[in-house]
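# the following block contains a protein sequence and its predicted model.
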Amino acid sequence: MTPFADLLRHMPQQQPFRFVDEVLSVDARHIVCRYTFRPEEDFYRGHFPGRPITPGVILLEAMAQSGVVLHGLYLLIAEGVSPARYRTMFTDAQVEWYAPVAPGETVTVGSELIAWRRRRIRSRVELRLADGRLAASGALAGMGVEI
C-alpha cells in the first residue's frame, strides 16, 4: 500500500465503477495513478465478444477519476477543506485515442494541473500502457459541487 492510500478513502466512486487501484504520487501540480483492467469486468462481455477491448468511455472515466476527481480532492485537502463536502462533476473533455487497452492490462494515468480556481480543475491527462505506449491523452475539467 502506498502512502497515498488515504486519499483513495475520500474518493466517492466505488467498485464496480472505480478505475484507480493506487495513487503512485501526488503534489499540487501532478498526480500519477495506476489501474489494472480485470478481464472479468462486465463491460467486456459485449465490447467486443471474442476480441474484447476496454471501451473508450471507461478509459475516459479512468482518466477523469485520477486527473480530475482525485487531484481535486488532494487540492481541497491542501486548502484545509473537508472533501466530504464536495462531489466532483465532470464538465469537459478533449481527448485523443492512440492504442486499445485489452482486458488484464495495467495502465498508468498521469496528470498535470492546468488550472485550479474556485473549486474548478482543468488538467492535461495521459493514459499509458505498461510498456509506456500512449493510449490516450487530452484536457479534462471538472468542478467541485457542494453536497
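Sure thing, it's come through.
# count the residues that sit near E22.
Neighbours of E22 under the rule other Cβ atoms under 10 Å: 15. Backbone N, C-alpha and C define where each C-beta goes, glycine included.
# could you report the pLDDT at it?
With respect to pLDDT, E22 scores 96.
# that one contacts T36, correct?
No. Using Cβ atoms under 8 Å, E22 makes no contact with T36, being 9.5 Å away.
# tell me where this structure has helices.
Here the chain has its helices, by DSSP state H, at 5-9, 56-64, 71-78.
# looking at these, spot the one closest to V145.
helix 71-78 (10.9 Å; Cβ to Cβ).
# dump that closest one to CSV, keeping only the CA atoms.
Only the C-alpha atoms of helix 71-78 are listed here, as CSV (Å, rounded to 0.1, in the frame of the first residue of the first chain):
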residue,chain,number,x,y,z
HIS,A,71,-6.3,15.5,-7.8
GLY,A,72,-9.2,17.9,-7.0
LEU,A,73,-9.7,16.1,-3.6
TYR,A,74,-6.0,16.4,-2.9
LEU,A,75,-6.1,20.2,-3.6
LEU,A,76,-9.2,20.6,-1.4
ILE,A,77,-7.5,18.8,1.5
ALA,A,78,-4.4,21.0,0.9
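# and for the protein, the residue most distant from the center?
Note on the chain: the largest C-alpha distance from the chain mean falls to G50, namely 27.4 Å (Cα atoms, centre = their mean).
# and the pLDDT at it?
With respect to pLDDT, G50 has a value of 93.
# got the contact list for the closest residue to F4 other than its chain neighbours?
Once flanking residues are discounted, F4 sits nearest to V23: 3.6 Å by Cβ to Cβ, 6 or more residues apart in numbering. Neighbour list for V23: 2, 4-5, 7-8, 31-33, 70 [criterion: Cβ atoms under 8 Å, 6 or more residues apart in numbering].
# S25 too?
Contacts for S25 (Cβ under 8 Å, 6+ apart) come out as 4, 31-32.
# tell me what it is bridged to.
V32 (DSSP bridges).
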